[in-house]
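Engineer: here are the coordinates; sequence isn't available:
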């Protein structure tokens, strides 16, 4: 158990819909990272938040947004969903803003299926 | 741009045999390198990491990796594979400025272990 909690574990929805994925980081971790894992793109970094502020941005679509709340949990919002958004979405957390000395710990992911 | 290549998509070894998973990276400066393992239905677990210093690093579960700057490689090894090692393995490089935790992942190598 990594200590990172992601909910829900599975999500099935239709094209055009909007969903929210939730992540609770390990106790004491200030950084939250979101990654997307798909068959064609592999594991891709989406975005990082550190103590409530955006720290780094990757290949995140404009239809996607994220935030980190004062209690440090984070939400990833996906809107106007397309078939290609079907993927496994991982959240990771680390103590500091730079996950080198303190490695990133990953949750078990949310599997999103678009019908 | 930084990138990571794992040349082998799928590898099969017999239980008890030795293992080497290849990883090549592209990065201008000294890289921060990682190996993660993903078991089915689970998140990623950090096996080991390299920042600087000794080029042979030891990790968990009996794994080790060797950093070779001249070859831009960071190959993962294990002297004797166990059936429980069957999983997907990801090599990753730390990206960008020192104040972010963004990771660039390779496409992954799936390890199958024959009894």
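Structural biologist: In hand now; what should we look at? Remember, it's a predicted structure, so these values are computed and weren't measured experimentally.
Engineer: packing partners of the helix or strand of chain B with the lowest mean pLDDT?
Structural biologist: Ranked by mean pLDDT, DSSP states H and E, the helix or strand of chain B with the weakest confidence is strand B:103-105, at a mean of 90. Counting contacts by 3 or more C-beta pairs under 8 Å, 6 or more residues apart in numbering or on different chains; DSSP states H and E, strand B:103-105 packs against strand A:31-38, strand A:42-50, strand B:3-5, strand B:87-94. (Each C-beta comes from the backbone N, C-alpha and C, glycine too.)
Engineer: and the last one, is it in reach of chain A?
Structural biologist: Yes - remark: strand B:87-94 sits within contact range of chain A at B:90, B:94, by C-beta under 8 Å from any C-beta of the partner chain.
Engineer: what's the average pLDDT for stretch B:64-75?
Structural biologist: Mean pLDDT, computed over stretch B:64-75, is 94.
Engineer: and it, how far apart are its ends?
Structural biologist: End-to-end distance of stretch B:64-75: 8 Å, with C-alpha to C-alpha, to the nearest Å as the criterion.
Engineer: the least confident helix or strand of chain B pairs with which strands?
Structural biologist: Strands adjacent to strand B:103-105 in the sheet, as given by DSSP bridges, are strand B:87-94 (antiparallel).
Engineer: list of residues touching the partner strand?
Structural biologist: Strand B:87-94 is contacted from outside by A:43, A:99-100, B:2-4, B:6, B:21, B:23, B:25, B:27, B:31-40, B:44, B:47, B:74, B:76, B:101-106, B:108-111, using C-beta atoms under 8 Å, 6 or more residues apart in numbering or on different chains.
Engineer: so which of the helices and strands packed on strand B:103-105 is the most packed in?
Structural biologist: Of those, the one with the most neighbours on average (mean count of other C-beta atoms under 10 Å in any protein chain shown) is strand A:31-38, at a mean of 25.
Engineer: dump the helices and strands packed on strand B:103-105 to JSON lines, plus mean pLDDT.
Structural biologist: Listed next are those as JSON lines, based on pLDDT from 0 to 100:
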{"stretch": "strand A:31-38", "mean pLDDT": "95"}
{"stretch": "strand A:42-50", "mean pLDDT": "93"}
{"stretch": "strand B:3-5", "mean pLDDT": "93"}
{"stretch": "strand B:87-94", "mean pLDDT": "94"}
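Engineer: distance of residue A:47 relative to residue B:3?
Structural biologist: 20 Å (C-beta to C-beta, to the nearest Å).
Engineer: again but with residue B:50, I slipped
Structural biologist: As judged by C-beta to C-beta, residue B:50 and residue B:3 stand 17 Å apart.
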